[in-house]
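1. Sequence first, predicted model second:
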Number of protein chains: 2
Amino acid sequence: MPVYANFAELLAKAKLRGKKRIAVAVAQDKDVLEAIKAAQDQGIIAPVLVGNASLIVSLIQSLGLPGDTPVIDEPDDTKAALAAVSLVHAGKADILMKGLVNSSIFLKAILDPEMGLRTGRLLSHLVAFEIPGTDKLVFHTDGGMNVAPNLAEKKDILMNSLQALKYLGIEQPNVAVLAANEMVNPKIPATTDAKALADMNANKELTPGIIEGPIAMDVAVSPEAAKHKGLSSKISGKADLFLMPSIEAGNLVGKTLTYYARAKIAGIIVGAAHPVVMTSRADSPEAKLNSIAFSCLATPFIQPLKD
Amino acid sequence: MPVYANFAELLAKAKLRGKKRIAVAVAQDKDVLEAIKAAQDQGIIAPVLVGNASLIVSLIQSLGLPGDTPVIDEPDDTKAALAAVSLVHAGKADILMKGLVNSSIFLKAILDPEMGLRTGRLLSHLVAFEIPGTDKLVFHTDGGMNVAPNLAEKKDILMNSLQALKYLGIEQPNVAVLAANEMVNPKIPATTDAKALADMNANKELTPGIIEGPIAMDVAVSPEAAKHKGLSSKISGKADLFLMPSIEAGNLVGKTLTYYARAKIAGIIVGAAHPVVMTSRADSPEAKLNSIAFSCLATPFIQPLKD
């Protein structure tokens, strides 16, 4: 039995864990507040909205958010981003969400040496997919933040995801470190990096779970393909997490899943001390809600908040 | 109306163009000869089989190929590969197909300075996909041969594909040079290369068709996505050819289409003077037949062969 068959189960588990406190940086954004309202209606979050208070209050009213939603007035974007981050830093919120603020200002606040959420690891993007015809959610990283990670950076990206999956309850994930095929070729970094990460796993340097690579997508998803290629794989057909060799591979695969395989998607940023939600306007309302639910489960705090 | 709605139309058009002569290098391979038989049964090819004659004749008999199929006895693999290539070089065959021969020996024969099929351009892999829910075949390159092509190599790969599409009757293809997004970033070669290729197209250096890039997969396949991103694209939703930034991106996207979107696939090698078929054991019989039909249409010789 998979931990999550689909996003409905993810949302149900988020509800079971109780409300998480989410700090929204520069919250005067209709799309973001609609997503906050949807998550609030599901009972999974308690928001704190930081930004231009008069604009936020007006949006709260028009969108029908509770009138007693906490709002912190900070009209300056840079200060508002840092204030939202500081709430999480101080333990007053569990999750950070990006509002109407430039990404570089937002990320700079996350990485602020004093008030930020640094862990010493790279930030990375982790997405969950519900793919029609499959029996569980799968996770891909990183198709969104790191362009051409080297081995050390891939290790960080992998550790970020393993940590998030652990919080989600996927304790022993099967990890496919993807390449175009299974042969280690010194001229092809995707294959040598994959081998090195699999070796770290074999040596118990990189745990938990089983990390295999280099492995091609067909072998990762299909035991028949593995058999055809004469390969024995412990994770074939059972991979939970797919590590992409580059941003292009991750991004193109993600969009191929979304547009051609009609997959549903949710994404968060991991590698900070707490999960970060950064939805885009192009995300469907459902994807935005699922991203927030994903972040609620990827937090280190598992004690339900008292109402 | 697309030129090819699906592989059935591709096969039908191959039949209309009449039989192409196909030279098989080291033909003593059951899988390959089964594919040859299927294509022969469809009336699209006339094979010449080069290799170990006694083994070939025995397979011909057991598989039920016509007893009068021409066989050239050359038990040495290297010589057989060169002999098959030479048939094409000399105009005695239109297409080359790989049998039971090591890929490097086979490719070396293709690139032989005297008897080979060199054009001065890189060899590259071109695949066609029939994707459920879409209305036409689309073409992807290169997810199979070139690992990390630079700009000049991408230009070759693109020219190879444009040539093949022209032979197929797709005279003015819409080409998406893919990247993770549409922004040109000097730190991301996929984006700067894409811009350079699009510029060559705008300057009429690289024709025919419309070449756009950098473009992300969502914008290439969905006008709604383009609108969401505030982008105007001439090819959005209408792309025929997708140029991949790396072998990993091409390979992973291809396998994602095959395994999750249930796409059908056919592939050929282009960039030589004639198309080359190199099926793998993992290909379905249908994929092997479609690859041969694809090669029959991608040849420069369009006069039907007299029976």
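-> Now that the structure is in, tell me what you want to look at. Residues are numbered from 1 along each chain as shown, chains lettered A, B, ... in the order given.

2. all strands of the stretch 151-300 of chain A, in order?
-> Under the criterion DSSP state E, counting those that start in this stretch, the stretch 151-300 of chain A contains strands at A:174-178, A:210-215, A:241-243, A:264-270, A:276-277.

3. Quick one: residues contacting the residue lying closest to residue A:279 once chain neighbours are set aside.
-> Leaving out its chain neighbours, the residue that sits closest to residue A:279 by CB to CB, 6 or more residues apart in numbering or on different chains is residue A:288, at 4.6 Å. For the C-beta atoms, the positions are set from N, CA and C on the backbone; glycine is no exception. By CB atoms under 8 Å, 6 or more residues apart in numbering or on different chains, the contact set of residue A:288 is A:31, A:34-35, A:38, A:279.

4. one step back: what would the strands of the stretch 151-300 of chain A look like in TSV with mean pLDDT?
-> Output for these, formatted as TSV (pLDDT from 0 to 100):
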stretch	mean pLDDT
strand A:174-178	98
strand A:210-215	98
strand A:241-243	98
strand A:264-270	97
strand A:276-277	98
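
5. out of those, which comes closest to chain B?
-> strand A:174-178 (6.1 Å; CB to the nearest CB).

6. Centroid-nearest residue for chain A?
-> By CA atoms, centre = their mean, chain A has its centre lying nearest to residue A:268, at 2.7 Å.

7. correct me, but that one touches residue A:163?
-> No - using CB atoms under 8 Å, residue A:268 is not in contact with residue A:163, being 11.8 Å away.

8. Which residues of the stretch 201-307 of chain A lie near chain B?
-> A:216-218, A:221-222, A:225, A:228-229, A:244-253, A:255-263, A:281-282 (CB under 8 Å from any CB of the partner chain).

9. Generate a PyMOL selection restricted to the buried subset of those.
-> Selection of buried members from those for PyMOL, criterion 16 or more other CB atoms under 10 Å in any protein chain shown:
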select buried, chain A and resi 216+217+218+221+222+225+229+244+245+246+247+248+249+250+251+252+253+255+256+257+258+259+260+261+263
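
10. near chain B, which residues of the stretch 1-150 of chain A show up?
-> Residues of the stretch 1-150 of chain A found near chain B (CB under 8 Å from any CB) are A:131, A:133-134, A:143, A:147-148.

11. at 7 Å instead, please
-> Within reach of chain B by CB under 7 Å from any CB of the partner chain, the stretch 1-150 of chain A has these residues: A:131, A:147.

12. Enumerate every residue touching residue A:245.
-> A:178-179, A:190, B:248 (CB atoms under 7 Å, 6 or more residues apart in numbering or on different chains).

13. now with 8 Å?
-> Each residue near residue A:245 by CB under 8 Å, 6+ apart is listed here: A:178-179, A:189-190, A:193-194, B:246, B:248.

14. Would you quantify the distance from the residue of the stretch 51-200 of chain A found nearest chain B to residue B:52?
-> In the stretch 51-200 of chain A, the residue that lies nearest chain B is residue A:180 (3.8 Å; CB to the nearest CB). From residue A:180 over to residue B:52 the distance is 32 Å, taken as CB to CB, to the nearest Å.

15. These two: which has the busier surroundings?
-> Between residue A:180 and residue B:52, residue A:180 has the larger neighbour count (other CB atoms under 10 Å in any protein chain shown), namely 26 against 21.

16. Spit out the contact partners of that one.
-> A:188, A:190, A:216, B:143, B:147, B:247-248, B:250-252.

17. For the one helix or strand in chain A whose mean pLDDT sits lowest, name the packing helices and strands.
-> Taking mean pLDDT, DSSP states H and E as the measure, chain A has helix A:223-228 as its least confident helix or strand, at a mean of 93. Applying 3 or more CB pairs under 8 Å, 6 or more residues apart in numbering or on different chains; DSSP states H and E, one finds that helix A:223-228 contacts helix A:217-221.
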